[in-house]
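S.K.: sharing a model that was predicted from the sequence below.
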Amino acid sequence: MIIDCLPQSHPPSGARLVLMSGLSDPQSCHLTEEQRAFLADVAPVGMDVLPLNFPYLDGTPAVRRRSLLAASLANTSQFLAMAAGPRQQAALRHWDSLLASTAHLTVVTLSCGLEILNQCAAMSPPEIPVFVMALGPVARSTPTLPTLLVGGARDVVSRWFFPRCDHVLPGLGHMGYIRDSRVRDLVRAFLCSSTSS
């Protein structure tokens, strides 16, 4: 798996924004065009955006177009793998490399990205400020880091794990978060408040 590759060093940053999601294509860390546009739209001036998905490796192949079933199976596999020691240790190396590159980190998670983050933060509690905004959160436990949970009223996947969220948006399903203007407004407000903390 791609997570078993050696971690990559990242350019130093005073304040960085990253996306952490399950990899629908397990061979690629590239963000989709839609994900890149989302980050560019919400990032405040002066905040660096790392244009990759966890484990944040350059040089991986472009994301392949995959069926919803194949993407769902890939994400489920990553969720389950985070309970196993070897995968946790592999993920931890990439997490530590990310933390070492910045003085202030904000993570927007999608779906099981929150489980990956929870496992990494539990094993290696960050010594820098880390703030998390979880969109459609899927995880075994509540985050220990400062986190805002955003769920959709039609998101039956996330509701199974988090019946109560800080914000529940009517009409929103599991696949629609980064396309929703209400979500973008919440993320912008969150980023402004987290960077001023």
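M.R.: Yep, it's here. Numbers count the residues shown, from 1 in each chain.
S.K.: quick check: end-to-end length of stretch 142-159?
M.R.: End-to-end distance for stretch 142-159: 13 Å, by Cα to Cα, to the nearest Å.
S.K.: next: stretch 121-135.
M.R.: 18 Å.
S.K.: got it, and stretch 169-182?
M.R.: 8 Å.
S.K.: residues contacting it, please?
M.R.: Outside stretch 169-182, the residues within contact range by Cβ atoms under 8 Å, 6 or more residues apart in numbering are 34-35, 38, 110-111, 135-136, 150-158, 183-184. For the C-beta atoms, the positions are set from N, CA and C on the backbone; glycine is no exception.
S.K.: likewise stretch 45-56?
M.R.: 2-3, 5, 7-8, 10-11, 13-21, 23, 29-31, 35-36, 39-40, 43, 58, 90-91, 94, 97-98, 102, 106, 113, 116, 191, 195.
S.K.: would you mark the buried spots in stretch 179-196?
M.R.: 180, 183, 186-187, 190-191, 194-195 (16 or more other Cβ atoms under 10 Å).
S.K.: give the rounded mean pLDDT of it.
M.R.: Stretch 179-196 shows a mean pLDDT of 92.
S.K.: before we move on, what about stretch 46-60?
M.R.: Averaging the model's pLDDT scores along stretch 46-60 yields 91.
S.K.: relative to the whole chain's centre, how far out is that stretch?
M.R.: Distance of stretch 46-60 from the chain centroid (Cα atoms, centre = their mean, to the nearest Å) equals 11 Å.
S.K.: quick one, phi psi at the residue lying closest to residue 58 once chain neighbours are set aside?
M.R.: Distances taken as Cβ to Cβ, 6 or more residues apart in numbering place residue 8 nearest to residue 58, at 6.3 Å, with adjacent residues excluded. In terms of degrees, to the nearest 10, the main-chain angles of residue 8 are phi -110, psi 140.
S.K.: sweet, I'm off.
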